[in-house]
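Student: Have a look; sequence and predicted model below, questions after that.
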Amino acid sequence: MTIKTTADRAAVVDSGYHWIPVAREIPPRGSTLQLINRKRGIPVRGQWTPDSEWTHWAPYPTFAKDDRDPEYD
């Protein structure tokens, strides 16, 4: 995983984790995803529909199995 702060220090990004183009892989319907319109550049949480404006999507991250916190398990 390659995590770094952008040059303008506005965000932290992982250069190994990418948005998935809707044109390449249709998102699963009825599930909450991260969605973005590349031209507008503002990601949102929501559900994809075929008539939507979203050009890319991404799944949410999960916790690693070895990252256990007894308070929340």
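Tutor: Cool, the structure landed.
Student: What's the first helix or strand after the helix or strand bottoming out on mean pLDDT in the chain?
Tutor: The element with the least model confidence among the helices and strands of the chain, by mean pLDDT, DSSP states H and E, is strand 12-14, at a mean of 93. Downstream of strand 12-14, the first helix or strand assigned by DSSP states H and E is strand 20-21.
Student: What is that following strand packed up against?
Tutor: Helices and strands in packing contact with strand 20-21 are listed as strand 56-58; criterion 3 or more CB pairs under 8 Å, 6 or more residues apart in numbering; DSSP states H and E. Heads up, the C-betas are built off the backbone N, CA and C, glycines and all.
Student: Off-centre distance for the strand it packs on?
Tutor: In terms of CA atoms, centre = their mean, to the nearest Å, the centre of strand 56-58 is set 6 Å apart from its chain centre.
Student: for the record, mean pLDDT for that strand?
Tutor: Computed over strand 56-58, the mean pLDDT rounds to 97.
Student: buried residues in it?
Tutor: When neighbours are counted by 16 or more other CB atoms under 10 Å, the buried residues of strand 56-58 are found to be 56-57.
Student: quick one on the thing from earlier: hmm, who's touching the least confident helix or strand of the chain?
Tutor: Applying CB atoms under 8 Å, 6 or more residues apart in numbering, the external contacts of strand 12-14 come out as 1-6.
Student: Can you flag the buried ones in those?
Tutor: Buried among the contacts of strand 12-14 (16+ other CB under 10 Å): none of them.
Student: ok so, going back, buried residues in the least confident helix or strand of the chain?
Tutor: Going by neighbour count (16+ other CB under 10 Å), nothing in strand 12-14 comes out as buried.
Student: mind listing what the spatially most central residue of the chain touches?
Tutor: Most central in the chain under CA atoms, centre = their mean is Ala58, positioned 3.6 Å from the mean C-alpha point. Listed by CB under 8 Å, 6+ apart, the contact partners of Ala58 are 17-20, 33-34, 36.
Student: From Lys65, how far off is it?
Tutor: Counting by CB to CB, to the nearest Å, the separation of Ala58 from Lys65 is 21 Å.
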